[in-house]
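>>> when you get a sec, could you give me coordinates for this:
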Amino acid sequence: MVAPAAPALAAPSSTGWVRVAHLSPDTKSVDVRLVALSGGSKVLRIDDVAYGAVSKYWSLPTGSYAVAMRPAGASPDSTPVVQTSVDVKAGGASTVAVFGRNADLRTRIVRDALTLPKSGAARVRVVQASTASTPVSVTTGGSAIVSDAATTTVSPYKEVRAGRWTLDASRGSDRTTSTIDLKAGQIASVFVLDDAQGGIVLRRVLDSASVGGVPSGFLATGGGYLAHETQQQDDLLLTAGAGGVLVAAAAGTALALRRRTRARA
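As a prediction, the model looks like this:
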């Protein structure tokens, strides 16, 4: 039995949502700054973002924002290791993702779709952030979520029945198996990351669980799965430590990994 979802919160038409994902395995922790290109002193600040970490969504007024990432603790005037811009759309949600090795960092603005799946279903996609040139495939229940995906590939969301799913990922001779639980109405992204032994590891992030004030029509999953942020500082100066709002992403800590095997060619 699935309890009825709590009513979704209506969002102002002038608001959108942004989060950041640090997906570069050899880039040290970074501080992230978002500044409105329209001017002013309003800044969104997230400090000490480690590899594999995905922040919660932050609610921002619509418009264009400059995004800069610098080594953790560096002066705000120092040269960013990466910079880009993101457009915050009314009612939309985006992930600012940094992929690749430090010598060749790439940014991508990923548009997230958090509308409700059908009754009794969940939705899942794969973000292929492994840096190896060999493509990755991920299947569940014998059905492919993504096949031969190159790095930076983001698959479309796939609707699946709610319940426990076993994900099988392969990259050449590397194999990883992870079991995830998806409740009815949940929306998840599975990140394929490099591990310390040169293989791959899977990390699930519940997209629908990290929205702070969801757009109208989006799911409020209740039961602690969706924390609505009812207050934000007026100047949008938001600081989160890696051990706070950000989810720690070291392999073997916040992973939903149940079993990992390595097949040798």
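
>>> contacts and neighbour counts: CA atoms only from here.
OK.

>>> in the sheet, who's paired with the residue sitting nearest the centre point of the chain?
What sits nearest the mean C-alpha location of the chain, by C-alpha atoms, centre = their mean, is residue 54, with 4.7 Å. The partner list for residue 54 in beta bridges (DSSP bridges) reads residue 21.

>>> how close does it sit to residue 23?
When C-alpha to C-alpha, to the nearest Å is applied, the distance between residue 54 and residue 23 equals 9 Å.

>>> low-confidence bits of the chain, can you list those?
1-13, 40-42, 209-265 (pLDDT under 70).

>>> one more time with 80
1-13, 40-44, 141-142, 209-265 (pLDDT under 80).

>>> buried sites along stretch 134-142?
Within stretch 134-142, the residues that count as buried by 16 or more other C-alpha atoms under 10 Å are 135, 136, 137, 138, 139, 140.

>>> what do you get for stretch 113-126?
Buried residues in stretch 113-126, counted by 16+ other C-alpha under 10 Å: 113, 114, 116, 117, 121, 122, 123, 124, 125, 126.

>>> could I get those residues as CSV with distance to residue 18 and secondary structure?
Rendered in CSV, the data for those read as follows (distance: C-alpha to C-alpha, whole Å; DSSP: H, G, I helix; E, B strand; the rest coil):
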residue, distance to residue 18, secondary structure
113, 12, coil
114, 13, coil
116, 19, coil
117, 21, coil
121, 25, strand
122, 22, strand
123, 20, strand
124, 19, strand
125, 18, strand
126, 19, strand
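
>>> looking at the buried residues of stretch 134-142, which is nearest residue 197?
residue 136 (16.9 Å; C-alpha to C-alpha).

>>> how much space between that closest one and residue 81?
27 Å.

>>> beta-bridge partners for residue 86, please?
When bridges are taken as DSSP bridges, the partners of residue 86 come out as residue 65.

>>> wouldn't it be in contact with residue 65 here?
Yes: counting by C-alpha atoms under 8 Å, residue 86 does reach residue 65; the two are 5.4 Å apart.

>>> could I get the contacting residues of the residue lying closest to residue 109 once chain neighbours are set aside?
On the basis of C-alpha to C-alpha, 6 or more residues apart in numbering, the spatially nearest residue to residue 109 that is not a chain neighbour turns out to be residue 96, at 4.8 Å. Neighbour list for residue 96: 18, 19, 20, 21, 86, 107, 108, 109, 110 [criterion: C-alpha atoms under 8 Å, 6 or more residues apart in numbering].

>>> then residue 169?
136, 137, 138, 139, 175, 176, 177.

>>> now the two most distant members of the residues you listed.
When C-alpha to C-alpha is used, the two most widely separated members of the contacts of residue 169 are 136 and 177, lying 13.0 Å apart.

>>> so residue 97: helix, strand or coil?
Applying DSSP: H, G, I helix; E, B strand; the rest coil to residue 97 yields a three-state assignment of strand.

>>> tell me who's in contact with residue 159.
117, 121, 122, 123, 124.

>>> ranking the contacts of residue 96 by neighbours, who comes first?
Scoring the contacts of residue 96 on neighbours with other C-alpha atoms under 10 Å, the highest-scoring entry is residue 18 at 25 neighbours.

>>> I'd say that residue and residue 61 touch.
No: contact criterion C-alpha under 8 Å: residue 18 and residue 61 do not qualify, at 10.4 Å.

>>> common neighbours of the two, please.
Applying C-alpha under 8 Å, 6+ apart, one finds that residue 18 and residue 61 are jointly contacted by residue 88.

>>> compute the number of surrounding residues for residue 73.
Residue crowding around residue 73 was assessed by other C-alpha under 10 Å; the count is 11.

>>> tell me the phi and psi of it?
phi 90, psi 0 (degrees, to the nearest 10).
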